[in-house]
Every structure is written in C-alpha cells, then in structure tokens.
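Colleague: Sequence first, predicted model second:
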Amino acid sequence: MQTKRSTYQNRWLPFFLLAPQLIITLVFFIWPASQAVKSSFERTDAFGFNTTFVGLANYTRVLADPSYLNALGRTAIFSVSVTLLSMSLALLMAVCVNRVLKSAKFYTTLLVWPYAVAPVVAGVLWWFLFNPTIGLLPHLLDWFGIHWNHRVSGSQAMILITIAAAWKQISYNFLFFLAGLQSVPHSLIEAAAIDGATPFKRFWSIVFPLLSPTTFFLLIININYVMFDTFGVIDATTGGGPGQATMTLVYKVYTDGVAGLNIGSSSAQSVLLMAIVIVLTFIQFRYVERRVNY
Amino acid sequence: MASITLEGLKKTYSGDVQAVKGIDLAIEDGEFVVLVGPSGCGKSTLLRMVAGLETITDGTLKIGDRVVNNLEPAERDIAMVFQNYALYPHMTVYNNLAYGLKNRGFKKAAIEERVRKAAKMLEIEEYLSRKPRNLSGGQRQRVAMGRALVREPAAFLFDEPLSNLDAKLRVQMRVEIKQLQRRLKTTSLYVTHDQLEAMTLGDRLVVLNGGRIEQVGTPMEIYARPASMFVAGFIGSPAMNMVPIEYLSSHGAGELLADLPARTDIIGIRPDDMRLTPPATPHLVVESTLELYEAAGAESHLYVRLSESDQPTVIRVSGQPPVKEGETLRFYVAREALHPFNGDTGKRTG
C-alpha cells in the first residue's frame, strides 16, 4: 500500500505538532502506569518516609490472599452477568426498534439517554430505587414475599450493582446492535422467508450470525467496562459491602490503596487487573475473531 | 409446476400512492413470462406481491388452484432469485442451497442428493465448500439460481437477476437461464427493465407502465404490432421513430396514408424499416439531410431530421451510407411498415 508522505521544511515542526498528544499520553497514561508498575515492586511505610524494593513480594502476597482470590471470582461472576444482561437486553431492544418504522428515532433517542448519565448518578439512582427504607422496588418486592435489603444480603447487593452497571451499558450496546441490524441486507431476510424459515429461525440462523462482528466487539468493550468503569456504580451503591460481598477487583484496588494506604499491594493488584484484561482481550481476538469473519 | 393467475391485483401504499393499479394476467403452467417496463412502473412490486413479500391491497392471486393472497412466502411454493443474489454470506455454497430444504424438514440424505443434483446442473460442484465472498459474480449468480431450483418449486420468480453482471456475462447467463427453464419447464416470472433481455427470454412479455399493463404478447407480436406509442418506444433498439402525419402527407405521401384510421396523427416507423433501396410493395419516399452518421460495426445509424421535432429520426442500415454528412439522403418505407397511432391517447389506431 502506498501512503502519503508529507515533507516539512523544519525538521522539528512535525514533533511540535505531535507534542500535545504525546504529552497528554505521557503525563496521563504512561507516567501513572509506570509509577504503578514501579510501586508494585516496593513497600512504603505508613508515613511515606521509607520506600524499599521488595521484588515480587507484593504479588505473591496478593495472590495468596483469600480475599483477593474471592474478589477475582466475584469479578468473574459480575462481568459475565453484567455483559450477558446488558447485551441481551440491548439486542432485544434493538430488534424491537428495528421493527418499528415511524417512531424508531424517538425510541433510539430515549434509549440512549442512560449513557449520558454519570456512573455515580446511575448508582445513586438505583440505590434510591432499591433503598430498603424509602425505595419503590423493595416495597413492590414485598408483595411477592421477597424481603429486600442489600445492606444485609450479599447476593442482593450483587444483584443491585449488576442491574445498575448493566443498565448504564445497555444504551451503548443498543446503538451498536441497531446499527448492526440495519446493515443486514433486507433481501437476505426475504430470501430466508421464502426458504421457509420462521421469524425466530430467521433471526438465529441469518441475522444473529451476521451480527457476530458487532457482538464480538461489544463483548470486549463490555468486559473492559465491567473491569474498570463500574467503580462509580459500586462506590455509590454498596461501597463493596456488605462485608466483602461486592468487592470487585477494581474496587479492591481503591480500598486497599486509597482507604487502606497499602500502595504496594494496590499497585500490584492494578497491574494484575491490567494483565487480566490484556490476556482476556488477546484470547478473544485470537480465538473468537476467527469465527466471526465470514 | 403450476399456473399463476392474477385477477385485478392492486397495491396501494399509505398516502394513496398506487404502485400497481389492477393487473389481470394468466400465466400458464411451464410458461416463461417477462415483466418489462421502465423503473417505477410497478414490475418489481408486482413480482414481490406474487412472492408474498408485499401485501396485496386488492384482487386475487392464485398459484395453481390455490388462492395465496394471505399465505406466507414459504407457503406459496415459489423460489426467488434476487437482484443482489441475497446469498447467506456466513454459509458455504452447500449450506446456502440446503437451507431451504433443511427448513422444510428434508432428510439429510435427500438434501445431499438434491444439492448435488442442482450443483451438477449449474456446474458449481467444485465450489460447494466455498463461502459466497470467494466466488465471482457469475458464480454467485449460479448459486442463487441453484438455491431456487434445488427446492423444485411450483414457480421461479426472477427480480432483475442479471443486472449486476457485466455485459458479456449477462448474455451468457441469459442463454443459460433460458436453457435451464426449457429443460425444467418450471413456470417462471421474470422482471427486467432491459428490453433485449425481455425479448430474448420470454415466451410472452408483459409491458408495464405506471402500474398498468400496456400490452401482453409474444416478443415478436409486440415488436411487430405495438399496442401503444409507449410500447413502440420501449421495445426495440434504437427506439421506433415517431413522425407527425402532416409532415409525411405534405411531403408527397398523402395517397398512401389516406386509408389509415381517421384519428391517426402520428406514424411510427422502426429504424430498420427505413430502406435505402425502394421495396416492391407500395411505399413512401422521403428525402432529408443526413445530420450524423454513427458506425456500429455491422450496421450503421443514420440521423436525419423529419419535421421541426427536436427528436432526430434514426435509420438503421447495414454497411455504410451512400452519402456524406450534410448531403441529402433518400429513403423508402414500405406501406405495411407504418404503425399508426393517436397522439392524444397514445394508442394504436389500426
């Protein structure tokens, strides 16, 4: 492939033009990340006066810590359920909107709104809805004999953050699924109808496979979202509790580092978290993407 | 195999847009009928109504003896070939062909047998394990045909299936479609805007204009005796010349034109019917200046201007013209080659 080559009179000009982006990347990404990696090999005393190099001690300690391993399992459950819930609901809504002709734009606008809500606000919103004393939903659930109190029940707290986190991501998934659905040629669906496929079969044997690139992309985006961006939702609703019931990996990084002032352990955890996401994304690209291309 | 009967078929879209304004047509069992017309004439809508992809606003549609107005496309026992082929991109050619059979609950062995048979007929056996994106346009076209014929339906519906192919391949596929239909004797309804495709493929043509039938007949019937000025202009290339009758009668043809029906005010003459040598039968003699000469290989097109109309008149002759551009050209038109029309109604008068 031939690429366009620009030539500059002054050899420093290109660097100057690139500088703003480079500086931002360096200052806000590379530097903090390298600091995290560096401090994950160090131990700092409680007053911050002494820093000693301890090698992999932080890592071995974290990996041997049952509460970290519990958080790991919890995060796995959390990310799978949030991804499944938000993607399946988004797909369902996209299919519905794709069927209506007149008011599709109106629905789309409404469905995109949650994406504009800040994570903390989304958390607070669901916290209110599910509040055991003043919330609407516990009141309704009472009629079905379910006693809702996420301050006491760990599994209910988990359900709460799952719903809140998924709710926020539905909009994003919805938009991509809708765009994906609209790019499926109509004649394919007509051909399938003539070929005797029921609407249900048409969707699963023709439309859904054709959506697989979108689904794959969203899978990666959603897992990254759950791993990192759900901090605000958790912080505003359960704060990791009750006990450790909603302590996910990213929230544990915060609790141990900021609240517990154990910078070394916290850094090691965040490096591990980063590694997990990189490995997951790599696996997905390596093994899943092969199947989605047609 | 079945006949297809259309009785007063109408299609109205919301906002009172009438796409199809009452079509009566009987297609016999095994017949190859071509719907032809300019874009927007309702031919594709009509085909899609037969397929069940568009609802029928009014009228009756029968396939065989069954009224199928309210049946799903799958229940009508038809197969359709789409303009863009509509092959399932994520399936192999084999699965593309097998999909319709699987949905209908065929046994694995029966599917295999039918797919192999269709693939052999269309010479696509070696591509069965490929995906559509690894096929050329002509091969995709064959797969689309294969998907239609593997089901052995009562009728084939073709929606401009050749328009995405290049000119050479189009001619080749046209011949193949014709041969295939002759062999299978499956009732076929074919939509095209290409008059040459229509003429060469159809047992009968249905010329559509503005949601109505202009004329139905065999290709040669329509060519020899177009029922309206629209049909005359649409079928045949270059198009039929339309000359005001006053011009001809004021240029010494009065006697010859006297026995034409009274309402005739326009005379249609095919470019091939203007001869440079006088025929033995009664004929017109016309002289005009040769404005432009187009050599098209075996034939040439001569442009002259009769009357003050803005449309030049085209003459098709074989070989080269005897005169140069700017010189006077004399040509002859046999009396029986004149097509009399009424300019107001657009209909043929006799």
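Modeller: On my side now, so go ahead.
Colleague: gap between the closest residue to B:Gln83 other than its chain neighbours and B:Val231?
Modeller: Leaving aside its chain neighbours, B:Gln83 sits nearest to B:Glu160 (4.5 Å; criterion: Cβ to Cβ, 6 or more residues apart in numbering or on different chains). (Glycine included, C-beta is placed from N, CA and C.) B:Glu160 sits 20 Å away from B:Val231, going by Cβ to Cβ, to the nearest Å.
Colleague: Tell me which of those two has more neighbours.
Modeller: Taking neighbours as other Cβ atoms under 10 Å in any protein chain shown, B:Glu160 and B:Val231 compare with B:Val231 leading, 26 against 19.
Colleague: Isn't that one up against B:Leu208?
Modeller: No - between B:Val231 and B:Leu208 there is no contact under Cβ atoms under 8 Å: 10.2 Å.
Colleague: Could you list the contact residues of the stretch 151-294 of chain A toward chain B?
Modeller: Within the stretch 151-294 of chain A, the residues that sit near chain B (Cβ under 8 Å from any Cβ of the partner chain) are A:185, A:187-188, A:190-197, A:201, A:205-206, A:209-210, A:212, A:294.
Colleague: give me phi/psi at B:Asn70?
Modeller: With angles defined as degrees, to the nearest 10, B:Asn70 sits at phi -110, psi 20.
Colleague: Tell me, how many residues neighbour it?
Modeller: A count of neighbours around B:Asn70, defined by other Cβ under 10 Å, yields 10.
Colleague: Repeat that for B:Arg174.
Modeller: The number of residues near B:Arg174, taken as other Cβ under 10 Å, comes to 19.
Colleague: and it, that's in a strand?
Modeller: No - the assignment for B:Arg174, made by DSSP: H, G, I helix; E, B strand; the rest coil, is helix rather than a strand.
Colleague: picking that back up, can you list residues touching both of B:Val231 and B:Leu208?
Modeller: Listed as contacting both B:Val231 and B:Leu208 by Cβ atoms under 8 Å, 6 or more residues apart in numbering or on different chains are B:Glu214.
Colleague: how about the strands of chain A, start to end?
Modeller: With DSSP state E as the criterion, chain A has strands at A:42-44, A:51-53.
Colleague: mind putting those in TSV, mean pLDDT and distance to chain B included?
Modeller: Formatted as TSV, these follow (pLDDT from 0 to 100; distance: least, Cβ to the nearest Cβ, whole Å):
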stretch	mean pLDDT	distance to chain B
strand A:42-44	79	52
strand A:51-53	78	54
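Colleague: Which stretch among those strands is buried most, on average?
Modeller: Comparing the strands of chain A by mean neighbour count (mean count of other Cβ atoms under 10 Å in any protein chain shown), strand A:42-44 ranks first with a mean of 17.
Colleague: and that one, what does it pack onto?
Modeller: Other elements packing on strand A:42-44 under the criterion 3 or more Cβ pairs under 8 Å, 6 or more residues apart in numbering or on different chains; DSSP states H and E are strand A:51-53, helix A:57-64, helix A:263-283.
Colleague: Pick the most buried one from these.
Modeller: helix A:263-283 (a mean of 18).
Colleague: what does that helix contact?
Modeller: For helix A:263-283, using Cβ under 8 Å, 6+ apart, the contacting residues are A:33, A:35-44, A:54, A:58-59, A:61-63, A:68, A:220, A:223-224, A:227-228, A:249-250, A:252-254, A:256-258, A:260.
Colleague: Could you identify the buried members of those residues?
Modeller: Buried by 16 or more other Cβ atoms under 10 Å in any protein chain shown: A:36, A:39-44, A:58-59, A:61-62, A:68, A:220, A:223, A:227, A:249-250, A:252-254, A:256-257, out of the contacts of helix A:263-283.
Colleague: Tell me the spacing between B:Val191 and A:Asn50.
Modeller: 85 Å.
Colleague: The two: who's more crowded?
Modeller: Neighbour count, other Cβ under 10 Å: between B:Val191 and A:Asn50, B:Val191 has more, with 24 against 10.
Colleague: quick one: the more buried one and B:Leu35 touch, right?
Modeller: Yes - assessed by Cβ under 8 Å, B:Val191 is found in contact with B:Leu35 at 4.8 Å.
Colleague: Please consider this matter closed, and thank you.
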